[in-house]
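Visitor: Sequence below, structure please.
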Amino acid sequence: MIAAHTLIAIVVVVLLIIRFKVDPVISLVLGSLYLGLATGVGLGGTVEAITVGFGEIMIEVGLLIGFGVLIGALMQSTGAFTRLVRVLVHKVGAHRLPYSMALLLSMIMPSIYVDVQVVLAAPVARSAAPALGKRGLPLMASAIGTGIFSGYVFVVPGLAAISITGLMGIPLGNWLMFGLVLGPLTAVLTTFVMKTMLRTKYWKPESDEEVQLDSEFAEVAAGGSGGSETLAGAGSAGDGGVGVGESADESPSKADDLPLIVLFLPILVPLLLIGFGAFAGLFGFANSVIEFFGDANIALFIGLLLAYVLCRATIGSDSTGDSMQSGFGTTGEILLITGVGGSLGAVIGASGLDAVLEDLFTANENMPTIAIILLAWFVAAVLHLAIGSVSVAAIAAAGIIAPIMGAVAVSPIPMGLAIASGALFALQVNSNFFWMFKSLLGLTTKGALKTMTMATTISSVISLPFVMILAVIIPA
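Guide: Residues are numbered from 1 along each chain as shown. Prediction:
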């Protein structure tokens with residue numbers, strides 16, 4: 001009955017979110033309450049599990065999410081991301097741009113929220129599409145879709161990646177070494193597959209594209225940089241174009257005079273610190289100083305300090321304060337839904353489902369590692385199909401799988417990566433992001449399904465074999 005009540009709780013959450021449009025936070029708490037009471041955890045025990053589960057996930061990822069979101073908000077206000085996509089447009093060349101955008105979004109952009117990423121990337125996609133031919137728009141749209149969400153689930157500080165590591169008890173530095181390879185690799189391979197598919201009659205502009213490419217999007221993307229900037233070079237003080245998030249009458253800021261690589265130090269420095277700390281631990285030369293600065297919380301706080309100082313020095317204290325306030329608003333929403341996702345996981349653990357699943361796995365001591373990975377992937381994929389949120393699906397799946405980790409002979413890292421891979425599967429019409437993506441790219445619903453949904457489906461399937469290989473190689 002425990003398994004049945006857990007299934008009912010998940011179905012209730014899904015129906016509340018999809019059918020009755022109830023906010024995920026309320027839906028998850030109601031599902032947690034039902035599960036706790038129905039499985040005999042008791043009134044007090046259910047409340048304790050909900051609060052303790054919320055607190056435990058906040059201990060693991062609360063500061064990481066908060067620091068990461070604030071870094072992204074501050075960097076966006078300096079125009080760092082807008083300048084970087086302009087560099088790609090003018091330096092990489094249109095025909096390589098799909099792969100470049102996929103790499104950029106999956107490696108660097110995970111520090112900002114997915115909605116902001118698509119707002120920044122859509123103008124570039126629409127303006128560059130004509131240079132790629134009749135299938136340019138779907139190719140660029142697909143590259144954006146896989147880039148954003150491959151980074152979101154695999155690459156630190158993507159919010160889904162951070163949530164999975166926290167719930168699964170995976171050191172962030174250890175995850176970083178694998179995710180930083182798997183995320184971009186998945187994005188590039190998916191872009192290649194989509195490019196191959198688009199050479200067929202798969203795409204029909206008359207039914208898949210809603211509007212013609214407009215000059216407004218082209219102007220925003222081009223920005224008038226003239227290709228004079230490189231990542232380490234001088235800023236484009238003479239840009240004069242209208243960037244994403246900027247107003248038309250806004251004068252160039254001091255940030256335009258800084259080399260672009262300086263504006264990206266708030267991301268690069270934390271990643272280097274976390275990565276160095278992980279390698280130090282792996283090769284046995286770590287000490288207390290390396291461990292301190294390699295701690296993800298400290299590393300991201302250093303990144304936040306750098307972003308704050310750069311903002312104060314370039315756009316002024318008032319604009320910096322506005323950016324911080326915007327980041328605080330986004331952080332609160334993300335923390336709340338992440339926390340109650342942890343609450344549901346804690347109630348599932350208190351209900352005794354972990355013992356039921358443990359018995360299921362240990363009933364056959366020779367259960368293949370591949371089958372265990374497939375199960376974790378499948379759970380996350382089904383949850384995403386039902387709920388429509390990559391992050392909620394990842395959090396819920398991690399909450400379900402984490403309690404049984406002691407019963408399976410698989411390392412937590414590939415299990416977590418399997419959840420991330422499954423949570424990617426088929427982002428579609430029950431996602432708010434889907435409709436935002438459709439509108440910004442000028443696609444019909446059918447066109448968005450052929451790009452966003454297909455790209456994330458391919459990404460999920462492509463990444464799974466790599467996760468399976470890691471599960472066999474990495475010792476439990």
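
Visitor: Every contact and neighbour count from this point should use C-alpha atoms.
Guide: Fine.

Visitor: now residue 109: how far from residue 118?
Guide: If you measure residue 109 against residue 118 using C-alpha to C-alpha, to the nearest Å, the figure is 10 Å.

Visitor: Give me the common contacts of the two.
Guide: By C-alpha atoms under 8 Å, 6 or more residues apart in numbering, residue 109 and residue 118 have these common neighbours: residue 148.

Visitor: mind checking the SS state of residue 472?
Guide: At residue 472, secondary structure determined by DSSP: H, G, I helix; E, B strand; the rest coil is helix.

Visitor: do the same with residue 200
Guide: From three-state DSSP, the assignment for residue 200 is coil.

Visitor: Tell me the predicted confidence for it.
Guide: As predicted, residue 200 sits at a pLDDT of 93.

Visitor: ok, it - how many residues close by?
Guide: 8 (other C-alpha atoms under 10 Å).

Visitor: So what touches stretch 52-67?
Guide: Taking C-alpha under 8 Å, 6+ apart as the rule, stretch 52-67 contacts 157, 159, 162-163, 166-167, 296-297, 300-301, 304, 328, 331, 334-335, 338-347.

Visitor: Equivalent analysis for stretch 298-312, please.
Guide: Identification of contacts with stretch 298-312 by C-alpha under 8 Å, 6+ apart yields 64, 67-68, 70-71, 74-75, 77-78, 263, 265-267, 269-271, 273-274, 292-293, 317, 320.

Visitor: Show me which helix or strand of this structure is least confident by mean pLDDT.
Guide: Lowest mean confidence among the helices and strands of the chain (mean pLDDT, DSSP states H and E): helix 215-222, at a mean of 42.

Visitor: After that helix, which helix or strand is next?
Guide: For helix 215-222, the succeeding helix or strand toward the C-terminus, using DSSP states H and E, is helix 260-263.

Visitor: Would you indicate which residues of whichever helix or strand comes after that following helix are buried?
Guide: Per DSSP H and E, the first helix or strand lying C-terminal to helix 260-263 is helix 265-283. Of the residues in helix 265-283, 265-267, 269-271, 273-281 count as buried by neighbour count, 16 or more other C-alpha atoms under 10 Å.

Visitor: how far out from the middle of the chain is helix 265-283?
Guide: In terms of C-alpha atoms, centre = their mean, to the nearest Å, the centre of helix 265-283 is set 20 Å apart from its chain centre.

Visitor: Packing partners of whichever helix or strand comes after that helix?
Guide: Sequence-wise, the next helix or strand downstream of helix 265-283 (DSSP H and E) is helix 288-294. For helix 288-294, the elements it packs on are helix 265-283, judged by 3 or more C-alpha pairs under 8 Å, 6 or more residues apart in numbering; DSSP states H and E.

Visitor: And the contacts of the helix it packs on?
Guide: Helix 265-283 has contacts (C-alpha under 8 Å, 6+ apart) with 71, 108, 111, 172-174, 176-177, 286, 290-291, 293-296, 299-300, 302-307.

Visitor: Can you dump the C-alpha atoms of stretch 419-438 in CSV for me?
Guide: Only the C-alpha atoms of stretch 419-438 are listed here, as CSV (Å, rounded to 0.1, in the frame of the first residue of the first chain):
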residue,chain,number,x,y,z
ILE,A,419,17.9,11.6,-13.2
ALA,A,420,19.2,14.7,-14.9
SER,A,421,19.1,12.9,-18.3
GLY,A,422,15.5,11.7,-17.7
ALA,A,423,14.3,15.1,-16.5
LEU,A,424,15.3,16.5,-19.9
PHE,A,425,12.9,14.2,-21.8
ALA,A,426,10.4,15.9,-24.1
LEU,A,427,9.7,19.4,-22.7
GLN,A,428,6.3,20.2,-24.2
VAL,A,429,3.0,22.0,-24.0
ASN,A,430,2.5,21.6,-20.2
SER,A,431,5.6,23.8,-19.6
ASN,A,432,5.3,27.6,-19.4
PHE,A,433,8.8,27.7,-21.0
PHE,A,434,7.4,26.0,-24.1
TRP,A,435,5.0,28.8,-24.8
MET,A,436,7.6,31.5,-24.1
PHE,A,437,10.0,29.7,-26.5
LYS,A,438,7.3,29.4,-29.2
